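Student: Only the shape, not the letters, is given here:
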Ligand code: AOF
Ligand code: ZN
């Protein structure tokens, strides 16, 4: 039991090394009868799941008859990767210990598949041990917002804010290009290349005429212009999404792009995006759309780029926070990072 406790803790620590987004953070540990174990984790959408990673790390030692601890129920579907249940069966694993169930309808059911194949399946919560309950709760907290997104039939939502030291996203005359520096913008383009779709409001679509593409030059072209024709495209391009009631100008980049999706209602739009296979949405603004997402508790993760300048009474998201007790609260998900003279911090919605 002591070895299982340690292996489960190690699987949870490994899970936290992944990248938040379309997929949950998942860790796994192969535990042998002598109490030794080896871990693996899922690095983010489009990379191997935690179970095959742990099984590969176990090599060359035989996994036949060993226990596999997983922080999330193994998937039984063929998505971006093959079914983990099959990899576990093929590896000769005798027993699988699961910390939390997978609520994703397209991937769930792995526990049953394993049981039917003769693998013993245990849930941490059924072990009757206080430490096991605590670690099961920790596994749930690790992905609390991902679980919410999946059960609400909407994508996981990251909001990006590029702001001044005093929290403005534009000056009083609404100019905002560029508040943050080239390093921040290059970093933001790496995130763009990782998501399935990027949303802006109609105000931003009109004011900035953005393309919402992911660019390998980080959007920092020589002339430092927004969305000029000269950028190099990244291989994966997110779907451009516009929320709002004003029609898009036909001669705008987004208006001309046949992939652009437009929605007048955010809730219906999010459900439709999920149906189209969008599991990670990046919201880039402007302040009105951002306020809507924040006030409706739709922001699971915040990416904040802060530049060393002050804008005084510039533009902020109109959140209508009357009193401190009504502030929208987040917790840092990683230590702040320096990007040139800017600071980048990733926050998670507090649960
Ligand atoms: C696992 N192990 O490490 C993760 C799982 O698009 P795919 O193929 O990457 O599948 C994504 C879904 O698989 C995700 O929504 C969630 O239900 C599950 N994640 N499952 O067995 C893992 N990350
Ligand atoms: Zn899997």
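Tutor: Received the coordinates, thanks. Because the structure is a prediction, the values reported are computed rather than measured. Ligands and ions are numbered 1, 2, ... in the order given.

Student: Any idea how far the helix or strand of the chain with the lowest mean pLDDT is from the middle of the chain?
Tutor: One helix or strand of the chain scores below all others by mean pLDDT, DSSP states H and E: helix 202-208, with a mean of 92. In terms of C-alpha atoms, centre = their mean, to the nearest Å, the centre of helix 202-208 is set 25 Å apart from its chain centre.

Student: List the contacts of that helix.
Tutor: With contact meaning C-beta atoms under 8 Å, 6 or more residues apart in numbering, helix 202-208 is reached by 174, 176-177, 200, 210, 226-227, 242-246, 248-249, 252, 254, 284-286, 288-289. C-beta: built from backbone N, CA, C; applies to glycine.

Student: got it, and stretch 326-343?
Tutor: Stretch 326-343 is contacted from outside by 20, 180-184, 187, 294-295, 301-302, 305-308, 319, 321, 344-350, using C-beta under 8 Å, 6+ apart.

Student: Stretch 187-199 now?
Tutor: With contacts defined as C-beta under 8 Å, 6+ apart, stretch 187-199 is touched by 19, 21-22, 44-45, 155, 158, 160, 162, 212-216, 218-219, 234-236, 238-243, 261, 273, 277-284, 289, 303, 305, 339, 344.

Student: I'd like the average pLDDT over it.
Tutor: Mean pLDDT, computed over stretch 187-199, is 96.

Student: List the buried residues of it.
Tutor: In terms of neighbour count (16 or more other C-beta atoms under 10 Å), stretch 187-199 has its buried residues at 187, 188, 189, 191, 192, 193, 194, 195, 196, 197, 198, 199.

Student: Just these: which are in helices?
Tutor: Here DSSP state H is the test, and the buried residues of stretch 187-199 give 187, 188, 189, 191, 192, 193, 194 as lying in helices.

Student: ok, and the closest non-adjacent residue to residue 132?
Tutor: Computed as C-beta to C-beta, 6 or more residues apart in numbering, the closest residue to residue 132 that is not its neighbour in sequence is residue 124, at 4.4 Å.

Student: just checking, the one you found touches residue 7?
Tutor: No - when contacts are counted by C-beta atoms under 8 Å, residue 124 is not listed as touching residue 7 (11.4 Å).

Student: Provide a list of residues in contact with whichever residue of the stretch 251-351 of the chain sits closest to ligand 1.
Tutor: As assessed by C-beta to the nearest ligand atom, ligand 1 sits closest to residue 279 within the stretch 251-351 of the chain, at 6.3 Å. Under the criterion of C-beta under 8 Å, 6+ apart, the neighbours of residue 279 are 22, 23, 45, 155, 156, 196.

Student: mind redoing it with 10 Å?
Tutor: The neighbours of residue 279, taking C-beta atoms under 10 Å, 6 or more residues apart in numbering as the test, are 21-23, 45, 79, 104, 106, 146, 149-150, 154-156, 195-197, 273.

Student: tell me the secondary structure for the residue of the stretch 1-150 of the chain found nearest ligand 1?
Tutor: Distances between the stretch 1-150 of the chain and ligand 1 by C-beta to the nearest ligand atom are smallest at residue 79, namely 2.5 Å. Under DSSP: H, G, I helix; E, B strand; the rest coil, residue 79 falls in the coil class.

Student: Leaving out sequence neighbours, find the closest residue to the one residue in the stretch 101-250 of the chain that gets nearest to ligand 2.
Tutor: Relative to ligand 2, the nearest point of the stretch 101-250 of the chain is residue 107 (6.9 Å; C-beta to the ion). Distance criterion C-beta to C-beta, 6+ apart; nearest residue to residue 107, sequence neighbours excluded, is residue 75 at 4.0 Å.

Student: next one: residue 24
Tutor: Using C-beta to C-beta, 6+ apart and skipping the chain neighbours, the partner closest in space to residue 24 is residue 143 (4.1 Å).

Student: surely the one you found meets residue 15?
Tutor: Yes - using C-beta atoms under 10 Å as the test, residue 143 is close enough to residue 15 to be in contact (8.5 Å).

Student: So between the two, which is more surrounded?
Tutor: residue 15 (26 against 23; other C-beta atoms under 10 Å).

Student: pretty sure that one is touching residue 140, no?
Tutor: No - at 11.8 Å, residue 15 does not count as touching residue 140 under the criterion of C-beta under 10 Å.

Student: overlap in contacts of the two?
Tutor: Common contact partners of residue 15 and residue 140 (C-beta under 10 Å, 6+ apart): 71, 72, 99.

Student: Of these, which are in range of ligand 1?
Tutor: Residues of those in contact with ligand 1 (C-beta under 6 Å from any ligand atom): residue 72.

Student: could you dump the shared contacts of residue 15 and residue 140 to JSON lines with neighbour count?
Tutor: Listed next are the shared contacts of residue 15 and residue 140 as JSON lines, based on neighbours: other C-beta atoms under 10 Å:
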{"residue": "71", "neighbour count": "32"}
{"residue": "72", "neighbour count": "33"}
{"residue": "99", "neighbour count": "26"}
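
Student: and residue 167, that one's in a strand?
Tutor: No - read with three-state DSSP, residue 167 is coil and lies in no strand.

Student: Could I get the contacting residues of it?
Tutor: By C-beta under 10 Å, 6+ apart, residue 167 lies in contact with 161, 304, 306, 310, 311, 314, 316, 317.

Student: Same check on residue 6?
Tutor: 29, 31, 35, 36, 37, 69.

Student: Can you report how many residues lie near the spatially closest residue to residue 111 that is not a sequence neighbour?
Tutor: Computed as C-beta to C-beta, 6+ apart, the closest residue to residue 111 that is not its neighbour in sequence is residue 121, at 4.9 Å. Neighbourhood size, residue 121 [other C-beta under 10 Å]: 19.
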